[in-house]
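>>> Dropping a prediction and its sequence here:
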Amino acid sequence: MKFAVDARWMVGNYRGMGQYAHGIISPIKHNIVALLPEGSDATDMSTISQGHPFFPYWEQKALPQLCVTHGVDEVLCPYNTGPINLADSIKMTLVVHDLIYLEPWLKLPPSISPYQTLGRIYRRFIVPKAVERANKIITVSEYTRTLICERFSVAEKDVVVIPNSLDSSWYSGEQIPSSERGRYLLTVSGEASSKNLPALLRAFKLFKRRGGNSVFDVKLRIVGIKQAYQQHFFKIAQGLGIESFIMFEPFLTEDALKELYKKAWLFVMPSLYEGFGIPVLEAMACGTPVVCSDATSLPEVVGEAGWLFDPRDAADMADKIYLAWTDELERSKRIHLGIERASVYNRKNVEKEIKKFWRDTN
């Protein structure tokens, strides 16, 4: 049997879905071919490159043609969407990371990024059809599995949960004392409205006001906002009078990101919607206490290790951040709980589930 993977987000500077895709194929990597747009190459896999890279064209036109031309029997589509006109003879395994893009526009407004908004429109049209077409469905959390089953009338047994994971290099086992930590809150965000960054900025102002001189020097360091959109959020910070305490980080290597996590006093994730929430896992693995939203999948991932807040209530967010900042004993306790919780998602543990999936379905 010839097995292929849509590898377009598994090359170059990839994180998130690309890392997940590499993990999913690890047990069958010797028996898989990477399908990519023309000009791309996956250096660690056999590669077939053909077709214009424009995202919808590649997925809906070039990818199905490549599968037929090269005799593919089964294709893995690991980024929420897949070709809806795939030949009937070809099996499709679809990974659905989240259903954020199906939220009503009034409940979750468009992103300030036109590219993200267009992607959301595309997914709203494609995902229901791709789910119907898929022979196998994988998702990353029990929360998202429940949504898939309810939204598309899919039987629970037909959706397999394989969570996100981190390789062992994330698990240092060290707890950096407060005296060696930076006086900053860290968040890993994005331009999408689901990331809820404006609410965090408002909460940060309230936190500063509540703490007074004791937190006067504390900064909020923000990872993940593209440079083209930083000014938008900086203006919000200016309007709140906190711009001198806001730092936008450039694109970071994985090692640099780990250091930022490890030295942070707290990690904060204010998301309205997450299919899983990789940054909270990264923070816990690095030994940094987590304060996060009580919405969607995040409580499932964090367990008892984090302080939870209502993401639509900036005052509640500020209260939880201040509590976590000031309670040294509880913070130390939750660091240990976080490291223990994160170990569940160590790749060597999740690999057992991945191997079982391929063993049971092939």
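Structure's in. What do you need? Numbers count the residues shown, from 1 in each chain.
>>> Tell me where the model's unsure across the stretch 51-200 of the chain.
Applying pLDDT under 70 to the stretch 51-200 of the chain picks out residues 173.
>>> quick one: the strands in it?
Assigned by DSSP state E, counting those that start in this stretch, the strands in the stretch 51-200 of the chain fall at 74-77, 91-96, 136-139, 159-161, 184-188.
>>> And the helices in the stretch 1-150 of the chain, which stretches?
Assigned by DSSP state H, counting those that start in this stretch, the helices in the stretch 1-150 of the chain fall at 17-25, 55-57, 63-69, 114-133, 142-152.
>>> the inter-axis angle of the longest one versus strand 91-96?
Which is helix 114-133. Relative orientation of helix 114-133 versus strand 91-96 (axes from the mean of the first three to the mean of the last three CA atoms, to 10 degrees): 130 degrees.
>>> Show me what counts as buried in helix 114-133.
Buried residues in helix 114-133, counted by 16 or more other CB atoms under 10 Å: 116-117, 119-120, 122-123, 126-127, 130-131, 133. In short, each C-beta sits where N, CA and C put it, glycine included.
>>> And for the last one?
Neighbour counts using 16+ other CB under 10 Å place 143-145, 147-149, 152 of helix 142-152 among the buried residues.
>>> can you put those in JSON lines and add distance to Pro198?
As requested, these are exported to JSON lines (distance: CB to CB, whole Å):
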{"residue": "Tyr143", "distance to Pro198": "24"}
{"residue": "Thr144", "distance to Pro198": "25"}
{"residue": "Arg145", "distance to Pro198": "30"}
{"residue": "Leu147", "distance to Pro198": "25"}
{"residue": "Ile148", "distance to Pro198": "29"}
{"residue": "Cys149", "distance to Pro198": "32"}
{"residue": "Phe152", "distance to Pro198": "32"}
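>>> Domain-wise, how is this structure divided?
3-165+347-361, 168-343 (automatic domain parsing).
>>> tell me the most buried of the ones you listed?
domain 168-343 (a mean of 19; mean count of other CB atoms under 10 Å).
>>> Between its first and last residues, what's the separation in that domain?
End-to-end distance of domain 168-343 (CA to CA, to the nearest Å): 9 Å.
>>> now stretch 182-200
Terminal residues of stretch 182-200 lie 19 Å apart, using CA to CA.
>>> which one in this structure is furthest away from the centre?
In the chain, the greatest distance from the average C-alpha position (CA atoms, centre = their mean) is reached by Asn213, at 35.1 Å.
>>> quick one: secondary structure of that one?
Using DSSP: H, G, I helix; E, B strand; the rest coil, the structure places Asn213 in helix.
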